[in-house]
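Student: make a model of this:
(chains A, B, C and D)
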There are 2 protein chains.
Amino acid sequence: MDLFERIHAHVNRSCRLSDADLDIVDGLLEKRIVKRKTMLLQEGEVCHFEAFVNQGCIRSYYLDENGFEVTLQFAIEDWWVSDIASFHEQKPSHLFIEALEDCELLVLNPATKESLLQQIPSLERYFRLMVQRNLSSLQSRLFKTIATSAQDKYLDFLEKYPTIPQRVPQHYIASYLGISPEFLSKVRTRMARKSI
Amino acid sequence: MDLFERIHAHVNRSCRLSDADLDIVDGLLEKRIVKRKTMLLQEGEVCHFEAFVNQGCIRSYYLDENGFEVTLQFAIEDWWVSDIASFHEQKPSHLFIEALEDCELLVLNPATKESLLQQIPSLERYFRLMVQRNLSSLQSRLFKTIATSAQDKYLDFLEKYPTIPQRVPQHYIASYLGISPEFLSKVRTRMARKSI
DNA sequence: CGGTCTCTTGACGGAGTTCAAAGCTAGTGG
DNA sequence: CCACTAGCTTTGAACTCCGTCAAGAGACCG
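Tutor: As a prediction, the model looks like this:
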């Protein structure tokens, strides 16, 4: 499969680009291979990348002073991952970003992103839509986090991300849902008993 | 005070506009006065506005099938309020938006916003930055919602929005923090006792 | 005034946490 | 190819933070 096939298709959903424009995109993206367990970003560092996941799985998370983790995002194929606040304002991040599988990424840095947007202004739209969709899905996630039970959050997660549970350890899903790994395990056994 | 003084200052923080450009902005914004308790948007409706709050206070919130409310945002002077997903894709909203005080708003609709961005492309940056900041502050709010106690969330709120508690009923703040109004009351009395 | 909205207080219950221990699985090196 | 380890999941008991329900007390406004 062509290295840029996925990202072309992804961009195409928001805006049509000419072949010449697509060549510009390809020229500015940097391919990066990272091994499982690689830390791409740690709290306190400035985030220098926006990464499109061509292959693999990445997790971003917060970590408080007691060692308690909250997973912000699982990024699999066709997702972008970054700390946009840190990336755009070049200030220290509060996030950790880590590869959960061996990954093939296509990476932008602030300079190449700037150059990309200058050469292809219509990509403004692509990135704006991405941030907007991100925002509104985070809004509804906040609502569910507050308003629904652990079981409903888990069912919702299964529906929205059916392939993730097969790829990542269960306790990371618990930390995404905002519940303890032990309780997620109990919820699952309760669900299994009821559906027999 | 000039009707457009606030919004000029607000735009100016992200990008410098010429006087001619500012005139275009002023010409496209529509002044709207709404009374306390006016519903600007209800679930199921399409959101046709982005409103800049010149004066007053507005609340956006989710409401689940059991009547349980989660406040998404308090918008006071210098804030924008809208349902961006509904606004941009012209699809039904999941939010309610309601005036908590008599308000003076400056309003864009999809057509005037489109026209604004076409005439002043540099405003793309202004709106993009706004969405980005919104996103990253929502990310950290999600983290705190999950990882911290009711008391810490309340203290955090007081620090971040010191003027809000004097303007809105306390049970709305509880619904912003994701706790019951009764428990917020108990947290406050506990804090008051300790700090004497 | 009288009704409506708001905040407080207390008793009780429950959803979810914490801690500890044990079983399970997969990867790794000898 | 087996033994060992490290990470993951499960289970149970005790506990806690917070929600629910109910009642009362202000405060505000028409």
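Student: so for A:Ser122, what's the pLDDT?
Tutor: According to the prediction, A:Ser122 has pLDDT 89.
Student: for the nearest residue to it once chain neighbours are set aside, grab the count of nearby residues.
Tutor: The spatially closest residue to A:Ser122, leaving aside those adjacent along the chain, is A:Cys15, at 5.1 Å (C-beta to C-beta, 6 or more residues apart in numbering or on different chains). Just so you know, the C-beta spots here come from the backbone N, C-alpha and C atoms, and that holds for glycine as well. For A:Cys15, the neighbour count with other C-beta atoms under 10 Å in any protein chain shown is 14.
Student: for chain B, see how far away A:Cys15 is.
Tutor: 14 Å (C-beta to the nearest C-beta, to the nearest Å).
Student: A:Glu182 and A:Arg59: what is the separation?
Tutor: A:Glu182 sits at a distance of 20 Å from A:Arg59 (criterion: C-beta to C-beta, to the nearest Å).
Student: run through the helices of chain A in chain order.
Tutor: A:5-12, A:19-28, A:84-89, A:110-119, A:123-147, A:150-160, A:170-177, A:181-194 (DSSP state H).
Student: of all the ones you listed, which lies closest to B:Cys47?
Tutor: Among the helices of chain A, helix A:123-147 comes nearest to B:Cys47, with 11.3 Å by C-beta to C-beta.
Student: how about the contacts made by the most centrally placed residue in chain A?
Tutor: Centroid check for chain A by C-alpha atoms, centre = their mean gives A:Ala75 as the closest residue, at 3.3 Å. Neighbour list for A:Ala75: A:51, A:53, A:57-60, A:81 [criterion: C-beta atoms under 8 Å, 6 or more residues apart in numbering or on different chains].
Student: ok, the residue nearest to it when sequence neighbours are not counted - contacts?
Tutor: In space, and not counting its chain neighbours, A:Ala75 is closest to A:Val81: 3.9 Å by C-beta to C-beta, 6+ apart. By C-beta under 8 Å, 6+ apart, A:Val81 lies in contact with A:40, A:50-51, A:53, A:58, A:60, A:73, A:75, A:97.
Student: what about A:Glu182 and A:Arg59, which has more around it?
Tutor: Neighbours were tallied for A:Glu182 and for A:Arg59 using other C-beta under 10 Å; the higher tally belongs to A:Arg59 (23 against 10).
Student: I figured that one hits A:Cys103, correct?
Tutor: No - in this structure, A:Arg59 is not within contact of A:Cys103 by C-beta atoms under 8 Å, at 11.0 Å.
Student: could you chop chain A up by domain?
Tutor: A:5-136, A:148-196 (automatic domain parsing).
Student: can you tell if the longest one touches DNA strand D?
Tutor: No - legend: contact between domain A:5-136 and DNA strand D by C-beta under 7 Å from any atom of the strand is lacking; minimum distance shown is 8.7 Å.
Student: what about that domain, distance to the chain center?
Tutor: 8 Å (C-alpha atoms, centre = their mean, to the nearest Å).
Student: fine, thanks again, bye for now.
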